[in-house]
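Engineer: Have a look; sequence and predicted model below, questions after that.
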Amino acid sequence: MTIFVGGLSFDATQADLTDVFAEYGTVRSVKIPTDRETGKPRGFGFVELSSEAEEAAAIEALDGAEWMGRDLRVSKAQPRESGRPPGGGNQDRGRPRS
């Protein structure tokens, strides 16, 4: 299971998130996605702890908590949908059918 962390300060680092979540268990991984064009953090991240019990405790304690001047949204991460083209929608829009 992976935890989604939304509402992150744009100043938050992977080390910052590791420190916060380490209070609830062993942190296995932390990822903060960045914008492709600017390279700046996108304001959310993902954290994986060593057990589901640790992750549940972290979600319970941190969801809605204020951290670095922002209110966190912490929840179980949803699996990424596969099989759909990036951007979604109909890729043939506006093209005549043959």
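Structural biologist: Happy to help now that I have it.

Engineer: Excluding sequence neighbours, find me the nearest residue to G6.
Structural biologist: Leaving aside its sequence neighbours, G6 sits nearest to R73 (Cβ to Cβ, 6 or more residues apart in numbering; 3.8 Å). Where you see a C-beta, it was placed from the backbone N, CA and C, and this is true even at glycine.

Engineer: Quick check: pLDDT value at the one you found.
Structural biologist: At R73, the predicted lDDT confidence score is 97.

Engineer: And for G25?
Structural biologist: G25 carries a pLDDT value of 95.

Engineer: And the helices in this structure, which stretches?
Structural biologist: With helices called from DSSP state H, the chain shows them at 14-21, 52-62.

Engineer: To T2, which of these lies closest?
Structural biologist: Ranking the helices of the chain by proximity to T2 (Cβ to Cβ) places helix 52-62 first, at 8.1 Å.

Engineer: just the strands in this protein please.
Structural biologist: Taking DSSP state E, the strands of the chain run over residues 3-6, 27-31, 44-49, 66-67, 70-71, 73-76.
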